[in-house]
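# sequence and predicted model, in that order:
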Amino acid sequence: MRFAYVIAGSEATGGAGLQADLKTFQRLGVYGIGTITCIVSFDPANDWGHRFHPVDPSVIAEQFEAANASQDLDTVKIGMLGTPATIDVVAEALASKPWRHVVLDPVLICKGQEPGAALNTDNALKARILPLATVVTPNNFEARALSGLDSLSTIADLAEAGRRILAFGPQAVIVKGGVDFPGPDAVDVLVQRDPAGGEPSVEVFSVPKIGQERVSGAGCTFASAVTAELAKGATVAAAVGTAKALVTRGIEQRVSGHTPFDTVWQGA
């Protein structure tokens with residue numbers, strides 16, 4: 001039995017967050033264990049806006065203690081954290097033991113927070129969590145924010161963003177072009193550090209876009225699929241390939257409902 005661990009927020013509709021992560025783990029044949037950092041509840045009466053509720057840091061620490069006492073966990077995905085206090089307790093917990101892989105989905109904008117609070121959270125994430133990550137999976141916006149680049153409109157731009165983010169310390173960065181990337185294809189670029197100290201390697205993953213609308217849970221599912229495959233012993237490149245295929249199929253067979261957005265179907 002292989003185990004994958006996730007530290008992330010709960011999203012009440014099941015389309016993203018910890019719910020999507022655990023469904024992805026199950027789909028890829030690993031036993032999922034999770035720690036909840038916050039609870040996000042969409043407000044159907046207010047244009048489906050976010051209602052954000054952080055979990056007390058002491059409760060997060062207790063969940064981490066119980067999860068890691070139950071199994072020998074060495075591969076973890078970090079999702080939405082939400083507040084500097086949450087980031088502090090998660091950073092301390094991560095530093096308390098060795099990890100084979102720490103996959104960071106760098107949720108920089110915490111929906112449901114005031115702009116000032118979001119900025120403080122972003123800065124804390126970059127200072128305390130990013131240096132602990134071995135693999136980072138930023139989307140187009142997050143990659144621009146982390147790299148300092150104004151635009152990611154070419155494959156060369158995506159690769160350069162990955163190289164710049166490598167400077168924070170991870171071994172690999174997967175920059176996702178998403179619907180914001182020009183052209184008909186959904187393009188992701190994997191930039192990996194050279195163990196011998198040479199230039200980082202660059203590998204491009206591309207499939208035709210499936211419409212131009214964002215689909216909820218795609219980023220969570222992608223990062224958790226990478227995590228599950230790494231837990232099973234795959235290389236980073238192989239894990240990215242599996243994640244790309246799973247998310248593509250999940251978008252093709254997306255789930256619709258009463259929300260103004262569709263969600264990825266991990267079971268596809």
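Cool, the structure landed.

# when you work out contacts or count neighbours from here on, use the C-alpha atoms and nothing else.
Will do.

# and what about Ile39, helix, strand or coil?
When classified by DSSP: H, G, I helix; E, B strand; the rest coil, Ile39 comes out as strand.

# remind me what whichever helix or strand Ser58 is part of packs against, helices and strands.
Using DSSP states H and E, Ser58 maps to helix 57-70. Counting contacts by 3 or more CA pairs under 8 Å, 6 or more residues apart in numbering; DSSP states H and E, helix 57-70 is packed against strand 31-43, helix 84-94.

# which parts of the stretch 101-250 of the chain are strands?
Under the criterion DSSP state E, counting those that start in this stretch, strands of the stretch 101-250 of the chain are mapped to 101-104, 135-136, 172-176, 185-192, 201-208.

# now render those strands as a markdown table, adding mean pLDDT, mean neighbour count and distance to Arg2.
A markdown table is the format used below for these (pLDDT from 0 to 100; neighbours: other CA atoms under 10 Å; distance: least, CA to CA, whole Å):
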| stretch | mean pLDDT | mean neighbour count | distance to Arg2 |
| --- | --- | --- | --- |
| strand 101-104 | 98 | 24 | 14 |
| strand 135-136 | 98 | 27 | 19 |
| strand 172-176 | 98 | 28 | 22 |
| strand 185-192 | 97 | 23 | 25 |
| strand 201-208 | 97 | 14 | 26 |
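
# so which of those gets nearest Ala231?
Across those, Ala231 has its closest neighbour in strand 101-104 (8.0 Å, CA to CA).

# what are the contacting residues of the closest one?
74-79, 130, 132-137, 223, 226-227, 230-231 (CA atoms under 8 Å, 6 or more residues apart in numbering).

# what pairs with that strand, and is each one parallel or antiparallel?
Paired neighbours of strand 101-104 in the sheet (DSSP bridges): strand 75-78 (parallel), strand 135-136 (parallel).

# same list (these) but as CSV, adding distance to Ala66.
Shown next, in CSV, are the strands paired with strand 101-104 (distance: least, CA to CA, whole Å):
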stretch, distance to Ala66
strand 75-78, 15
strand 135-136, 25
